[in-house]
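**Q** Predicted model and sequence follow; I will ask about them next.
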Amino acid sequence: MPGDKSISHRALMFGALAVGETVVDGLLEGEDVLATAAAMRALGAEVRREEAGGPEGRPRWRVWGRGVGGLVEPADVLDMGNSGTSARLLMGLLATHPMTSVMTGDGSLRKRPMKRVTEPLSLFGADFWYREGGRLPLAVKGTGEAVPVSYATPVASAQVKSAVLLAGLNAPGKTTVTEAVATRDHTERMLTHFGATVTVETDGAARVVTLTGQPELVAAPVVVPGDPSSAAFPVVAALITPDSHLIVRNVGTNPLRFGLYETLKEMGADLILRNERVEGGEPVADLEVRGTGLTGIDVPAERAASMIDEYPILAVAAACASGTTRMNGLAELRVKESDRLTAMAEGLAACGAVVRIEGDDLIVEGTGTAPRGGATVPVELDHRIAMSFLVLGMATEQPVAVDDAAAIDTSFPGFARLMNGLGASIHPLTETAAP
Ligand SMILES: O=C(O)C1=C[C@@H](OP(=O)(O)O)[C@@H](O)[C@H](O)C1
Ligand SMILES: C=C(OP(=O)(O)O)C(=O)O
C-alpha cells in the first residue's frame, strides 16, 4: 500500500519545525503530500528526496527543519492543490509566525470551507482575508505575540484540531482542544515523537488534548505505515468479487482510522488481521480478506470520524451486499473534495442501485448481487469518488466509467496498475473521432 497520507503530511511539517535531520521512509508520494513538501520548502525548510535511499531500494525523504517559530515568509502564493489537510494544517502554522502568506488551491479546494480553521486561529491573534464564505484564495497575517487558546471544536475534524494545536506550538503556555468525538490522533502521536509535551484526557467519546507551547522539537525518524484509507479499495474489491483471496501487507490499524474494517466485519466480511505489530509509534497489520458475500447493516453516526474518507467505498460494498445498509450522520461528506453524499447517491443510482439520502444519512438497498453498471460517473476532482466507482466496475455486468481519473494521483499513485494486477481492467477510454 502507498504510505498513509495523514502521517506523510505531518512528517514533512513537523520535520520542518524540528531541529536536525528528519529521515522519512514510506512517505506517500501523492500530489497532496507533494504540495505539503513544496510549501515547507517555500517556508524555508530543506526537503530532499533520495530515489533509492530507503529500505528495499525505495525512496527516502530527508527534512532539515528550522525550529519552532523559525519558518520564513514565503515569496509567492502557496498552492495547496487538492489537499484540505495541507491547507488547514499549514494555516495553523502560519497563524503564529509574524509574516504574511497567501494560499490557494485547485477548483475543488477553493470551494471548501476554511472558516472552521480561521475562526479558532484568530483567537491566537492572527488576521485572515478570504473570499465569500471563507473560501480560498486566502491571506493570513500571523502574529509573533500569540496567546495560547482553549477551543472546543464544533465539528468532528482532525484538521481543525491539528490546525489549533500547530498554532499552539508557537504560543507560550498551554493550548487545549476539546473534541466531542475522537478524531484521528496522528498529530498528537507524532508531536510527542518529536519531543513535544501533549496530554490527552478522555471522557467517554470526548477528548481533551493539551499541548505545551514553544517546545524544542527534535528531529526523529518516521516510518510511514500503509494507508488504511487506500487499502479500503482493494479490500472492498476482493469482498465484492466472489472467490477472491487477497492479503494486503503493512496497513495502519490505528483504532481512530479503522471504522471501515469494523463495519465490514459486522457486514460479515471474512477479514483477518495477521502479524499485528507497532512500527514507528503506529499499530500496523497485514489484512487477509476473502470474497464471501456481505449483508447490510446500520452504521452508527458515532463511527463516522473513524472512517470519514471510507464512506464512498463502503457505499459500493453496500450496493453489492444483501439487504439495507444505512450510513448515519454523514454531514461532513458534503464538504470534502466534492459533495460525496450526493456523488455516491447519484452515481450508484445511475449504475442501477436503489439508494436514497434522508437528511444526512445514506441508505443503500442491496440485492445480494452487484448493480448492472453501465454509467459514466462525474468525478469533480474527487479521487475517492473515482476509485470507488472503478472498484464497483469490477463487480458489475456492464463497465463503469469515470469522466476523469487524474485526481486519483492525489492520494493513490499507481492505483490502476495495482488494481489491474488484481484482475481489474481499468484503462483510458479511446476518444471516438469527431464526425
Ligand atoms: O487530519 C487529516 O489528516 C485528515 C482529516 C480528515 O478531514 P477532516 O478533519 O476534515 O474530517 C480526512 O478527511 C482527511 O483526508 C485527512
Ligand atoms: C478528504 C480528503 O482529503 P483532504 O481533506 O486532505 O483534501 C480525502 O483524502 O478523502
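**A** All right, it came through fine. Ligands and ions are numbered 1, 2, ... in the order given.

**Q** going forward, measure contacts and count neighbours with C-alpha atoms only.
**A** OK.

**Q** Run the contact check for stretch 296-315 versus ligand 1.
**A** Yes: Stretch 296-315 reaches ligand 1 (CA under 6 Å from any ligand atom) through 308-309.

**Q** Compute the number of surrounding residues for the closest residue to residue 78 other than its chain neighbours.
**A** Nearest residue to residue 78 in three dimensions, chain neighbours excluded: residue 103, at 4.6 Å (CA to CA, 6 or more residues apart in numbering). For residue 103, the neighbour count with other CA atoms under 10 Å is 21.

**Q** Report the mean confidence score over stretch 270-279.
**A** Taken as a whole, stretch 270-279 has a mean pLDDT of 96.

**Q** what sits up against that stretch?
**A** By CA atoms under 8 Å, 6 or more residues apart in numbering, the list of residues contacting stretch 270-279 from outside reads 223, 225, 265, 283-292.

**Q** And ligand 1, is stretch 69-85 touching that?
**A** Yes: using CA under 6 Å from any ligand atom, stretch 69-85 reaches ligand 1 at residue 85.

**Q** what's the span of that stretch, first residue to last?
**A** Using CA to CA, to the nearest Å, the end-to-end distance of stretch 69-85 comes out at 20 Å.

**Q** Also stretch 55-62?
**A** End-to-end distance for stretch 55-62: 14 Å, by CA to CA.

**Q** How about stretch 357-365?
**A** Per CA to CA, the first residue of stretch 357-365 is 12 Å away from its last.

**Q** again with stretch 220-236
**A** End-to-end for stretch 220-236, by CA to CA: 35 Å.

**Q** cool, and stretch 302-313?
**A** 19 Å.

**Q** still on that earlier bit, which residues does the residue nearest to residue 78 bridge with?
**A** residue 78, residue 138 (DSSP bridges).

**Q** Check what pLDDT it gets.
**A** 98.

**Q** could we number from 790 for the rest of this?
**A** Yes, from this point I'll number from 790; that puts the last item at residue 892.

**Q** my guess is it meets residue 928, correct?
**A** Yes: here residue 892 reaches residue 928: they are 6.3 Å apart, a contact under CA atoms under 8 Å.

**Q** Now do the helices in the stretch 1090-1224 of the chain.
**A** Remark: helices assigned in the stretch 1090-1224 of the chain by DSSP state H, counting those that start in this stretch are 1100-1109, 1129-1139, 1172-1181, 1204-1210.

**Q** These into CSV, with extra columns for distance to residue 803?
**A** Output for these, formatted as CSV (distance: least, CA to CA, whole Å):
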stretch, distance to residue 803
helix 1100-1109, 29
helix 1129-1139, 30
helix 1172-1181, 26
helix 1204-1210, 28
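
**Q** Please tabulate the ones you listed in JSON lines and include distance to ligand 2, mean pLDDT and mean neighbour count as additional columns.
**A** What follows is those, written out as JSON lines (distance: least, CA to the nearest ligand atom, whole Å; pLDDT from 0 to 100; neighbours: other CA atoms under 10 Å):
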{"stretch": "helix 1100-1109", "distance to ligand 2": "9", "mean pLDDT": "98", "mean neighbour count": "27"}
{"stretch": "helix 1129-1139", "distance to ligand 2": "10", "mean pLDDT": "98", "mean neighbour count": "21"}
{"stretch": "helix 1172-1181", "distance to ligand 2": "6", "mean pLDDT": "98", "mean neighbour count": "26"}
{"stretch": "helix 1204-1210", "distance to ligand 2": "14", "mean pLDDT": "98", "mean neighbour count": "15"}
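
**Q** Can you report how many residues lie near residue 1112?
**A** There are 17 residues near residue 1112, going by other CA under 10 Å.

**Q** if I've got this straight, residue 961 is in a helix?
**A** No: read with DSSP: H, G, I helix; E, B strand; the rest coil, residue 961 is coil and lies in no helix.

**Q** per-residue pLDDT, the residue lying closest to it once chain neighbours are set aside?
**A** Nearest residue to residue 961 in three dimensions, chain neighbours excluded: residue 1002, at 5.0 Å (CA to CA, 6+ apart). Here, the pLDDT recorded for residue 1002 equals 98.
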